[in-house]
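Colleague: Return a 3D structure for these sequence lines:
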Amino acid sequence: MGSDHFLRITRLRALIEHENTGAGERATAQRMLDRLLRKAGADNTSRLAADRVYGSRHHRPGRHASTVSIVESVRDDIAFARNFAPVSSTPGTVTVHSPLAAAPTELTVLVSTPFADQIVVTIGDIPPEWGWETDEFDRVTASRDLRALADELAEIIDSYNHNGTDVGPRFFRTIRAQEKTLIR
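Modeller: Model (predicted):
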């Protein structure tokens, strides 16, 4: 486990254990901590059956939760991650990087569920110089920062999903940047 994960895990645990942390913020911080632990390989609870894979937060909204309640949890996680700012680092320490926290402030993230089994995240108000690149053939493509942001959003959503050989996914997800689909 890298020192950047250790620092972020330590800060999230401190936030969870602090007596003045509200219930909603505590739950969101716990979900982020679960995701970090799973990502670091310290949490082996994401694989509960040989043929099924459960996301680290699959159990949080409830086994039979509707997609609407899952969307609410995803919105909370995104809002928390956008506001999560690591304490300014001192020389010689590693700074934690989160694409959501590093994204421009004018950028908007809309989470919706147009169908009962689909979650769509639309990234809007993207500054052209930050989110888009033009290649040598004059094609406009997503920048590295925008792709990293889409990957983090997909990871948050996938943590509530399940899949396996004997069962399909709980829901499908799509990440869009304005009118362009980045991840399906």
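
Colleague: okay, CA-based contacts and neighbour counts for the rest of this
Modeller: Fine.

Colleague: For this protein, give me the ranges with low pLDDT.
Modeller: The chain contains residues with pLDDT under 70 at 1-6, 40-64, 85-96, 164-167.

Colleague: so where do the strands sit in it?
Modeller: 52-54, 108-115, 118-124, 132-134, 140-142, 162-164, 172-177, 180-183 (DSSP state E).

Colleague: With distance to residue 155 and mean neighbour count added, can I get the ones you listed in CSV?
Modeller: Below are the strands of the chain laid out as CSV (distance: least, CA to CA, whole Å; neighbours: other CA atoms under 10 Å):
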stretch, distance to residue 155, mean neighbour count
strand 52-54, 13, 19
strand 108-115, 14, 15
strand 118-124, 12, 20
strand 132-134, 22, 15
strand 140-142, 18, 15
strand 162-164, 13, 16
strand 172-177, 10, 19
strand 180-183, 11, 14
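
Colleague: Quick one, which of those gets closest to residue 75.
Modeller: Residue 75 sits nearest to strand 108-115 of all the strands of the chain, at 6.7 Å, using CA to CA.

Colleague: so what strands line up beside the closest one?
Modeller: strand 118-124 (antiparallel) (DSSP bridges).

Colleague: got the angle for the strand it pairs with vs strand 172-177?
Modeller: 10 degrees (axes from the mean of the first three to the mean of the last three CA atoms, to 10 degrees).

Colleague: Return the distance of residue 181 relative to residue 154.
Modeller: 12 Å (CA to CA, to the nearest Å).

Colleague: Find the residues that touch each one of those two.
Modeller: Contact criterion CA atoms under 8 Å, 6 or more residues apart in numbering; residues shared by residue 181 and residue 154: residue 175.

Colleague: Same list (the strands of the chain) but as JSON lines, adding distance to residue 9.
Modeller: Conversion of the strands of the chain to JSON lines gives the following (distance: least, CA to CA, whole Å):
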{"stretch": "strand 52-54", "distance to residue 9": "21"}
{"stretch": "strand 108-115", "distance to residue 9": "25"}
{"stretch": "strand 118-124", "distance to residue 9": "26"}
{"stretch": "strand 132-134", "distance to residue 9": "32"}
{"stretch": "strand 140-142", "distance to residue 9": "30"}
{"stretch": "strand 162-164", "distance to residue 9": "24"}
{"stretch": "strand 172-177", "distance to residue 9": "27"}
{"stretch": "strand 180-183", "distance to residue 9": "27"}
